[in-house]
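[1] need coordinates for the below:
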Amino acid sequence: MGRDLSVEAKQTFRIVALMATFLVVGIHYKSAIPVSANPADATWNELAQEFVFGGLARVAVPMFAFAAGLFYFLRDDGTLASYRTKLHARVRTVLVPFFLSGSIAMAFWLIVRRSEGKLIDLTLPEFVLTWLLHPPAEQLWFLRDLLLLVIVAPAIRWFGTSKYGRRLLAPSLMLLWLFDWQLFPAVVGWRLIHSETLLFFVLGFFAVSRLHLLERVVTAPVKLIVAAWFAWLALTATRIFIRADFDIWYVDNHGFADLMLHQTSILVGSLTLFATASRMRWPGLLSLSGGSFFVYLVHEFPLRAVAHRVCDGVIDHSYSCWVLTPAVLLVCYTASVMLSRWCPMLISVLTGGRMPSPSITSTPHSPALTS
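    I've put the predicted structure just below:
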């Protein structure tokens, strides 16, 4: 596959990575949820957080997974040599960051348990499996998914290019995702591969042969982008009106109508976010986007535990999301810039080489864009 994305499209993906990282941090610092399906029972704060972080922000993971699939297959020729090269690269760009971040989180978890006088109620095998497969940093589940998707990438390519596979693969996975049906079991508390990450990674594969469609989104007229925003906001608001306490993260707290609205809003929102990002390709943001993976790795535990403890002493916990989300983003992105200047080797190892950079034409950086 000798085709490539335009510079404008690559820059757009970098802005998408930045925006999606903002949204992921907001999801993890969400501090209030509606108490029932009826929105009339919720406060304005609960509804606002559900709208932004329980609704709009849910496009982040699909965008990461789509970009991961696109950039993997964009530079893959299907040979064994290419596969081995990519696996070797992912050791540095995904496995090492996963292991280091998980180890740090696990060490702090042990320190907190000991300081609070709580028992470590895990056997040695359970401790090792938790450390290696489900460390106490919830954002790392996506990296585990990504590692497994890269391993099975040749199977995706083979099935996606076979006579019947290319017609059945994407529609079948789309159906599974639409109805929130999971193919794979949970392993140490996390599903082996989530239907959502699998679908959008595969869609990234199919997008390689349809790059012209992505380029058309990059150049979408402002009127169309505005209309897409209205559709996205309306879908999200309608879902909340139907079911305010909607949730599909390892639970089935939803009905058919609200699930369809939620999934449709993700599809519309993903295109809207991408088109919007194409209009925000400013040098400062493009440079800062290189710090997104660092922010993704460090914004959760133990930082979240410390941030909540400090903030809860000042304001009501239910409102802390509005303070902590921008504060954590500011602190983490500032740290990424400073560390890239003062300790470039340290941050390079932790992030697999992803750092803020003055270059605005290089490959995008994010937890998903690991080409």
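[2] from here on, contacts and neighbour counts on C-alpha atoms
    Fine.
[3] state the distance from the nearest residue to Pro39 once chain neighbours are set aside to Trp44.
    Nearest residue to Pro39, sequence neighbours excluded (C-alpha to C-alpha, 6 or more residues apart in numbering): Ala244, at 5.2 Å. Distance, Ala244 to Trp44, by C-alpha to C-alpha, to the nearest Å: 12 Å.
[4] picking that back up, was I right to think the residue nearest to Pro39 contacts Asp41?
    No. Applying C-alpha atoms under 8 Å as the test, Ala244 and Asp41 come out as separate, 9.1 Å apart.
[5] list residues touching both of the two?
    Pro34 (C-alpha atoms under 8 Å, 6 or more residues apart in numbering).
[6] quick one, which of these two is more surrounded?
    Set Ala244 next to Asp41 and count neighbours by other C-alpha atoms under 10 Å: Ala244 wins out with 27 against 13.
[7] which SS class is the more buried one?
    coil (DSSP: H, G, I helix; E, B strand; the rest coil).
[8] OK, contacts around it?
    34, 36-39, 47, 50.
[9] what residue of this structure is the furthest out?
    Each residue of the chain has a distance to the centre, and by C-alpha atoms, centre = their mean the biggest one is for Gly117: 34.6 Å.
[10] now it: how far from Leu110?
    Applying C-alpha to C-alpha to Gly117 and Leu110 gives a distance of 11 Å.
[11] same deal with Trp282?
    Trp282 is 42 Å from Leu110, by C-alpha to C-alpha.
[12] for the strand or helix carrying Glu126, list every residue counted as buried.
    Following DSSP states H and E, one finds Glu126 within helix 124-133. In terms of neighbour count (16 or more other C-alpha atoms under 10 Å), helix 124-133 has its buried residues at 127, 130-133.
[13] touching it from outside, list them.
    Residues contacting helix 124-133 (C-alpha under 8 Å, 6+ apart): 99, 102-103, 106, 144, 187-188.
[14] most neighbours among those residues, which one?
    Gly102 (25 neighbours).
[15] could you say which helix or strand holds that residue?
    helix 96-115.
[16] over to the most centrally placed residue in the chain: give its phi and psi.
    With distances taken as C-alpha atoms, centre = their mean, Val61 lies nearest the centre of the chain, 3.3 Å away. Phi and psi for Val61, reported as degrees, to the nearest 10, are phi -60, psi -50.
[17] right, and it touches Thr197 too?
    Yes. Taking contacts as C-alpha under 8 Å, Val61 lies within contact range of Thr197: 7.2 Å.
[18] for Gly290, give its distance to Gly352.
    In terms of C-alpha to C-alpha, Gly290 sits 11 Å off from Gly352.
[19] neighbour-wise, which of those two wins?
    Gly290 (31 against 23).
[20] how about the helices in the stretch 151-300 of the chain?
    For the stretch 151-300 of the chain, applying DSSP state H, counting those that start in this stretch gives helices covering 153-161, 165-178, 195-207, 211-218, 222-242, 256-277, 283-288, 292-298.
[21] circling back to that earlier point, any chance of the contacts of Ala244 in TSV, plus distance to Cys343 and pLDDT?
    Shown next, in TSV, are these (distance: C-alpha to C-alpha, whole Å; pLDDT from 0 to 100):
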residue	distance to Cys343	pLDDT
Pro34	43	96
Ser36	48	95
Ala37	49	96
Asn38	51	96
Pro39	48	96
Leu47	42	98
Glu50	38	98
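[22] most neighbours of all these, which one?
    Glu50 (25 neighbours).
[23] what about it, which helix or strand?
    Using DSSP H and E, the element containing Glu50 is helix 44-53.
[24] what's the burial count for the closest residue to Leu235 other than its chain neighbours?
    Residue nearest to Leu235 in three dimensions, not counting chain neighbours: Ser265, with 5.6 Å by C-alpha to C-alpha, 6+ apart. Neighbourhood size, Ser265 [other C-alpha under 10 Å]: 24.
[25] output the below-cut-off pLDDT ranges for this structure.
    1-2, 357-371 (pLDDT under 70).
[26] same thing but 90
    1-4, 75, 78, 112-123, 163-166, 252, 343, 346, 353-371 (pLDDT under 90).
[27] now do the same contact list for Arg157.
    So Arg157 contacts 78, 205 (C-alpha under 8 Å, 6+ apart).
[28] look up how far Val202 lies from it.
    9 Å.
[29] kindly report the same for Leu346.
    33 Å.
[30] neighbour count: these two, which is higher?
    Val202 (25 against 13).
[31] so what's that one up against?
    Contacts of Val202 (C-alpha under 8 Å, 6+ apart): 66, 69, 156, 170.
[32] JSON lines for those, including distance to Arg239 and neighbour count?
    Formatted as JSON lines, the contacts of Val202 follow (distance: C-alpha to C-alpha, whole Å; neighbours: other C-alpha atoms under 10 Å):
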{"residue": "Phe66", "distance to Arg239": "24", "neighbour count": "26"}
{"residue": "Gly69", "distance to Arg239": "29", "neighbour count": "30"}
{"residue": "Ile156", "distance to Arg239": "33", "neighbour count": "20"}
{"residue": "Ala170", "distance to Arg239": "25", "neighbour count": "19"}
